[in-house]
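1. using only what follows, build the 3D model:
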Amino acid sequence: MSDPVSQNTTYRNALPLNSMLLEYRLESVLGAGGFGMTYLGWDTHLEKHVAIKEYLPGEIALRAVDGSVVPVNTEHEYNYKWGLDRFIQEARTLARFSHPNIVRVNRFLEANGTSYMVMDYEAGDSLADYLKRFPAPDEAMLENFLMPILDGLQAVHEAGFLHRDIKPPNIFIRKNGTPVLLDFGSARQAAGGMTKSLTAIVSPGYAPLEQYTADGNQGPWSDIYALAGVLYRATTGTSPPDAVKRMKGDSVSMGLATARTRYGERFLKAVESGLALEESLRPQSISEWRDQFTGRMPMTALNRGGSASAPPAQRVSSAPPAQRVSTAAPTVKVAAQDASTQKIPATRRAASAGVPAGKSANWRWRGLLLAVLVIAALMYFKHRAGERDVLPQNTAQTQVPPPAPVTQPQAAVSAAPAASPPPAASGDGRTPDSEETPRAAETERGADVQIPKQVRKQFESADRDGNGYLTPDEIKGKFPFIEKTFSAVDTDHDGRISLEELWQLRQKQLVRRQR
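-> As a prediction, this is how the structure comes out:
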């Protein structure tokens, strides 16, 4: 819907300009396609411009001398009337929407043997014209028009309806920069199931593969493909390759690769995900696709190995056959499903794309290992918190400084060999008893630590079964100072206390007394 200016192009099937259609005066033709014609009209009652869309499928109908629309022959009469009924249903459906980014139908009327939609007129340019004047817009600008369109399209899908003809000419950019989605192709696609000639009326490059057949499995993923094609056109400057040609040789990835210097990897991957040939490999809902642009979900679709020639056993359908959208059905509405019911389970998608089971299993093992590490860390900090209740903080690795050397009589000192090391003090810092000389304590050292003989004797007297460990029952009466802190002393948490663990506790107690 460009600005209301005079049109130099002659449309032979158009109504005469300045003629009246009820209270609307037709000023010009805004555009024409294979399924209808759109006029710029002037509402003489409300004194404002409106856009009026007329049902006129050019391949099976024409304009008679009296201005009425009639089928080209009796053979197409049934098809014409059946398509007209779809056009009426589309008008009634759009009239229920009140979304700022979806064209609003204000009125529906019948005249001249056909039907008309009266819509708000929007001043601005189609995206097709906009991209001619501003080629390769930056990513921020594309997202500014994309996100509102996704919101509007999601509302359409949740109402059980599809657009079926998204392409740059059908996205309008208002003068204030906001987008609006125009010209739904539902009636045309529905009629395509009734006549072979209308089946060919698709938009090459923007129509997904399932729209080329009467029994194609259409759904929200079909509109996603078309809108992804629009983004391909905007980012690469060329129209996307036709879906049928892509079956022989796909160039989408190479085309998007040329745009990597101007657009982010996440953005381009989301576009490629939406352009997967196999419908089950595309995002199954607008919300899922939106999350790929915003980064709230991984680009799993690109790992599905999208291929138009996937084996039948790997093709996944998001709805039972009875609920699939068929262009040959007497209604164009999608089965009443919300976006969540149209998503494909992750396991089925992995099978569909041939993702190795080992890769999924590796992620599960990694998740399990992470959970174990978190639990172990929590238990460790809990243990340290309990230990701080009975022992000083940060003393687990404290080395006890040796006490001052014991003064010996001069004669005794002189009798000692010159090369002998000084006598080792007992680990608890006390002067050795007369019967426990430093040399004797030194011979009783453990493998890694020096443990006084007296501590060993206390330990062995409590170790009734002689297995080298003390149980809680053996502790009772022998070491009352650790009966209530057994778990803190049992540093390896094996339910028993070794000689080394007991000696570590004695060292910590000594440090506390020195402080």
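2. surely Gly274 and Pro220 touch.
-> No: at 10.9 Å, Gly274 and Pro220 do not qualify as touching, with contact defined as C-beta atoms under 8 Å. Using the backbone N, CA and C atoms, a C-beta is placed for each residue, glycine as well.
3. which one's more surrounded, these two?
-> Higher neighbour count among Gly274 and Pro220: Pro220, with 29 against 25, using other C-beta atoms under 10 Å.
4. for Asn106, which non-adjacent residue is spatially closest?
-> Val118 (5.4 Å; C-beta to C-beta, 6 or more residues apart in numbering).
5. and the one you found, how far is that from Thr44?
-> Distance check for Val118 against Thr44: by C-beta to C-beta, to the nearest Å, it reads 13 Å.
6. list residues touching both of those two?
-> Common contact partners of Val118 and Thr44 (C-beta atoms under 8 Å, 6 or more residues apart in numbering): Tyr24.
7. okay, these two: which has more neighbours?
-> Neighbour totals were compared for Val118 and Thr44, and Val118 leads with 22 against 12 (other C-beta under 10 Å).
8. just the element for the more buried one, please.
-> Using DSSP states H and E, Val118 falls within strand 114-120.
9. likewise for Leu131?
-> Counting by DSSP H and E, the element that carries Leu131 is helix 127-133.
10. equivalent analysis for Tyr263, please.
-> Short version, using DSSP H and E: Tyr263 is in no helix or strand.
11. might you report the residue contacts of it?
-> Counting by C-beta under 8 Å, 6+ apart, Tyr263 touches 139, 235.
12. quick one: low-confidence parts of the protein?
-> 1-9, 185-201, 297-368, 380-449, 509-515 (pLDDT under 70).
13. which residues of the stretch 151-300 of the chain fall in helices?
-> Secondary structure of the stretch 151-300 of the chain (DSSP state H, counting those that start in this stretch): helices located at 186-191, 196-199, 220-236, 243-246, 252-257, 265-274, 286-294.
14. among the ones you listed, which comes closest to Phe35?
-> helix 186-191 (4.2 Å; C-beta to C-beta).
15. what about the nearest residue to Leu227 once chain neighbours are set aside, how many neighbours?
-> Closest residue in space to Leu227, ignoring its immediate chain neighbours: Ile166 at 5.1 Å, by C-beta to C-beta, 6+ apart. Residues lying near Ile166 (other C-beta under 10 Å) number 28.
16. check Arg63 too.
-> 21.
17. how about the residue nearest to it when sequence neighbours are not counted, what does it touch?
-> Residue nearest to Arg63 in three dimensions, not counting chain neighbours: Asn13, with 4.7 Å by C-beta to C-beta, 6+ apart. The contact partners of Asn13, by C-beta under 8 Å, 6+ apart, come to 32, 37, 56, 58, 62-63.
18. ok, Asn13 to Val230 distance?
-> 28 Å.
19. look up how far Ala111 lies from Ala51.
-> 16 Å.
20. for the strand holding Val118, which positions count as buried?
-> 114-119 (16 or more other C-beta atoms under 10 Å).
21. reformat those as TSV; add distance to Ala91.
-> Formatted as TSV, the buried residues of strand 114-120 follow (distance: C-beta to C-beta, whole Å):
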residue	distance to Ala91
Thr114	12
Ser115	7
Tyr116	9
Met117	5
Val118	9
Met119	9
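22. tell me the domain boundaries of this protein?
-> Using automatic domain parsing, the domain parsing of the chain gives 20-120, 124-311+320-355, 391-403+424-514.
23. JSON lines for the ones you listed, including distance to Ile375?
-> Below are the domains of the chain laid out as JSON lines (distance: least, C-beta to C-beta, whole Å):
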{"stretch": "domain 20-120", "distance to Ile375": "49"}
{"stretch": "domain 124-311+320-355", "distance to Ile375": "26"}
{"stretch": "domain 391-403+424-514", "distance to Ile375": "13"}
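24. quick one, which of these is nearest to Val374?
-> Across the domains of the chain, closest to Val374 is domain 391-403+424-514 (C-beta to C-beta), at 17.6 Å.
25. out of Ala51 and Ala111, which sits in the more crowded spot?
-> Neighbour tally, Ala51 and Ala111, criterion other C-beta under 10 Å: the higher count belongs to Ala51, 23 against 14.
26. so that one: helix, strand or coil?
-> With DSSP: H, G, I helix; E, B strand; the rest coil as the basis, Ala51 sits in strand.
27. list the contacts for it?
-> 1, 30, 38-41, 118-122.
28. same check, this time on Arg282
-> By C-beta under 8 Å, 6+ apart, the contact set of Arg282 is 221, 224-225, 273-276, 289, 301, 306.
29. now for these: which two are most distant?
-> Across the contacts of Arg282, no pair lies farther apart than Trp289 and Gly306, at 14.0 Å, counting by C-beta to C-beta.
30. which one's more surrounded, the two?
-> Taking other C-beta under 10 Å, Trp289 and Gly306 do not tie; Trp289 has more neighbours (26 against 22).
31. find the nearest non-adjacent residue to the more buried one, please.
-> Trp289 sits nearest to Pro283 (C-beta to C-beta, 6+ apart), 3.8 Å away.
32. just Arg107 next, same as before
-> In space, and not counting its chain neighbours, Arg107 is closest to Val118: 4.0 Å by C-beta to C-beta, 6+ apart.
33. show me what contacts the one you found?
-> 24, 41, 50-52, 105-109 are the contacts of Val118 under C-beta under 8 Å, 6+ apart.
34. tell me the bridge partners for it.
-> Following DSSP bridges, Val118 is listed with bridge partners Ile52, Arg107.
35. give me phi/psi at Ala159?
-> phi -90, psi 0 (degrees, to the nearest 10).
36. scratch that, Gln458 is what I was asking about
-> The phi/psi pair for Gln458 (degrees, to the nearest 10) reads phi -60, psi -40.
37. quick check: it touching Lys478?
-> Yes: taking contacts as C-beta under 8 Å, Gln458 lies within contact range of Lys478: 7.2 Å.
38. wait, doesn't Gly113 sit right on Val70?
-> Yes: with contacts counted by C-beta under 8 Å, Gly113 reaches Val70, the gap being 6.1 Å.
39. coming back round to it: closest one of the contacts of Ala51 to Ala159?
-> Met119 (17.7 Å).
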